[in-house]
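Colleague: next input, structure requested:
(chains A and B)
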Amino acid sequence: KAGVTQTPRYLIKTRGQQVTLSCSPISGHRSVSWYQQTPGQGLQFLFEYFSETQRNKGNFPGRFSGRQFSNSRSEMNVSTLELGDSALYLCASSLVGDYNEQFFGPGTRLTVL
Amino acid sequence: SQELEQSPQSLIVQEGKNLTINCTSSKTLYGLYWYKQKYGEGLIFLMMLQKGGEEKSHEKITAKLDEKKQQSSLHITASQPSHAGIYLCGADPITGGSQGNLIFGKGTKLSVKP
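Modeller: Next up is the predicted model:
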């Protein structure tokens, strides 16, 4: 079974631009979660999608948004990029149900100049 | 809101030595996860603990959840260079199972000297 894939792996943008990151979950997984990881704040939850609906949202500004498609693939978008958005963005997929292990992708390294 | 504190923040051990990493929660834990991360890469699932007093082992790694379900420890026996990386504990912030939004500790960076 293929693991979680994320594209692109690396991205360089300038302030004010917008960016879209993509995540393909493991086949059969319907839940996709997004996390931001920075040296200062660590790993922080952005949002989670299940069956094309945002089920949970972390404490991030509205510039961060996401969506999920019918095939469970997910995208996240960051508009009006700021220097502080530079981070490793990780997505994780899991099966439906209680206490499900989340499988993480390799991440997208975003650098904002 | 729930917070997870990991200690130590970093650890350097000689190959072959044992070590322990701790994860303390500000609230009762309902599902505690241990992950390992190589620098700049994704997280690799190690173990999940749910019940107070539960202990799980995989190869040379053992994780425990204390009876009060507010602290977990990860113990590595006879460390090897392959154990090097960042260890993260994560928890479900609500009762009743995972809703896909784990909270994480800041991580413990482990270096193993050959």
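
Colleague: so who does residue A:59 touch?
Modeller: By C-beta atoms under 8 Å, 6 or more residues apart in numbering or on different chains, residue A:59 lies in contact with residue A:44. Every C-beta, even on glycine, is put in place using the N, C-alpha and C of the backbone.

Colleague: same check on the one 5 residues further on?
Modeller: Residue A:64 sits next to A:46-47, A:76-78 when contact means C-beta under 8 Å, 6+ apart.

Colleague: need the max-distance pair from the residues you listed.
Modeller: A:47 and A:78 (12.0 Å; C-beta to C-beta).

Colleague: for residue A:24, see how far away the nearest residue to residue A:69 once chain neighbours are set aside is.
Modeller: Nearest residue to residue A:69, sequence neighbours excluded (C-beta to C-beta, 6 or more residues apart in numbering or on different chains): residue A:52, at 6.9 Å. Plainly put, residue A:52 is 15 Å away from residue A:24 if you go by C-beta to C-beta, to the nearest Å.

Colleague: out of the two, which sits in the busier spot?
Modeller: Comparing residue A:52 with residue A:24 by other C-beta atoms under 10 Å in any protein chain shown, the one with more neighbours is residue A:24, at 21 against 13.

Colleague: setting aside sequence neighbours, what's the nearest residue to the more buried one?
Modeller: Leaving aside its sequence neighbours, residue A:24 sits nearest to residue A:5 (C-beta to C-beta, 6+ apart; 4.7 Å).

Colleague: helix/strand/coil for residue A:84?
Modeller: Of the three states, residue A:84 takes helix according to DSSP: H, G, I helix; E, B strand; the rest coil.

Colleague: quick revisit: the residue nearest to residue A:24 and residue B:44: what is the separation?
Modeller: To residue B:44, residue A:5 is 16 Å away according to C-beta to C-beta.

Colleague: returning to that earlier point: just the buried residues from the contacts of residue A:64, in PyMOL please.
Modeller: Those of the contacts of residue A:64 that count as buried under 16 or more other C-beta atoms under 10 Å in any protein chain shown are selected in PyMOL with:
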select buried, chain A and resi 46+47+76+78
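
Colleague: among the contacts of residue A:64, find me the one that's closest to chain B.
Modeller: Distance to chain B, by C-beta to the nearest C-beta, is smallest for residue A:47 among these, at 8.0 Å.

Colleague: let me see the contact set for the closest one.
Modeller: Contact partners of residue A:47, counting by C-beta under 8 Å, 6+ apart, are A:33-34, A:54, A:56-58, A:60, A:64, A:66, A:76.
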